[in-house]
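Student: turn this into a structure:
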Amino acid sequence: MNNQKREAWKIFQIIAEFVDGFEQLSHIRPAVSVYGSARLKEDHPDYQRAEAICLALSNAGFSVISGGGPGIMEAANKGAFEGSSSSIGLNISLPHEQHTNPYQDISLNFRHFFARKVMFVKYATAYVVLPGGFGTLDELAEILTLIQTGKSRRIPIILINKAFWSGLISWFSDTLLAAGTINEKDLDLFQICETPDEVLTAIFDFYEQRGFAPSAEEEEVLLEL
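Tutor: Model prediction:
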């Protein structure tokens with residue numbers, strides 16, 4: 001089969017990933033998408049912090065969505081799995097690092113990062129971002145961009161571990177803001193928390209005057225992701 005035909009058939013594979021994701025995740029709201037390094041082991045403080053946060057989220061009624069792999073993803077699924085709500089893994093095939101962790105009530109498999117990213121955003125009530133590498137930064141930049149540009153609804157974006165993120169946040173302020181490439185209000189799109197209680201408080205405070213479900217207007221926005 002030549003490349004043109006292979007690319008044409010690829011369209012159906014992409015459609016199938018979206019359809020499977022929509023069908024399996026449409027009932028899991030409210031949900032929190034959680035990110036962090038695949039490389040941190042079980043004895044790392046951020047692994048343990050992720051597990052505790054996601055246990056608290058799960059017991060508070062939030063499904064937890066992670067990338068389904070090792071490290072912080074495993075910790076997130078493990079905490080949610082031990083709680084009372086769904087633990088969801090959006091797994092992806094990678095040459096290195098990624099293997100499916102065993103703590104998933106719902107497990108989806110993707111070949112395409114862009115389809116996977118839509119699932120993270122579309123069903124999220126909040127984002128919780130723990131220390132990580134390029135992949136974690138990619139997901140953080142994605143949600144910041146979508147909200148900044150109005151392509152997704154406003155949700156809490158919560159960074160965990162101030163010491164880890166302080167250099168990046170200073171760069172946002174000292175370099176991006178100073179250069180005029182972002183606005184001052186863009187720095188209000190995220191906040192820093194350290195403990196499970198702080199995370200829950202941040203989410204519940206954000207939704208205090210409204211329900212967790214997207215409004216009709218927000219649903220229209222999410223259809224255009």
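
Student: what residues sit buried inside the longest helix seen in the chain?
Tutor: With secondary structure taken from DSSP state H, the chain has its longest helix at helix 3-25. Of the residues in helix 3-25, 17-18, 21, 25 count as buried by neighbour count, 16 or more other Cβ atoms under 10 Å. Backbone N, C-alpha and C define where each C-beta goes, glycine included.

Student: with only the CA atoms kept, save the next helix or strand after it in CSV.
Tutor: Next in sequence after helix 3-25, counting helices and strands by DSSP states H and E, comes strand 31-35. Taking C-alpha atoms only, strand 31-35 is exported to CSV below (Å, rounded to 0.1, in the frame of the first residue of the first chain):
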residue,chain,number,x,y,z
ALA,A,31,-13.2,14.6,36.6
VAL,A,32,-9.7,15.9,37.3
SER,A,33,-6.9,15.4,34.8
VAL,A,34,-3.5,14.8,36.6
TYR,A,35,0.0,15.1,35.1
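
Student: which other residues reach strand 31-35?
Tutor: Contacts with strand 31-35, where a contact means Cβ atoms under 8 Å, 6 or more residues apart in numbering, come from 25, 50, 53-54, 57, 62-67, 72-73, 76, 86, 88, 120-121, 123-130, 132, 135-136, 139-140, 203.

Student: quick revisit: for the buried residues of helix 3-25, give me CSV that also has distance to residue 99.
Tutor: Below are the buried residues of helix 3-25 laid out as CSV (distance: Cβ to Cβ, whole Å):
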residue, distance to residue 99
17, 19
18, 24
21, 20
25, 22
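
Student: in strands only, show me the contacts of strand 31-35.
Tutor: Judged by DSSP state E, those include 63-66, 88, 126-129 as members of strands.

Student: which of these lies closest to residue 112?
Tutor: residue 65 (16.9 Å; Cβ to Cβ).

Student: the buried residues of helix 3-25: which two are farthest apart?
Tutor: 17 and 25 (11.9 Å).

Student: any residues touching stretch 196-203, and which ones?
Tutor: Contacts for stretch 196-203 (Cβ under 8 Å, 6+ apart): 32, 52-53, 55-57, 60, 62, 125-126, 128, 156, 158, 160, 191, 193.
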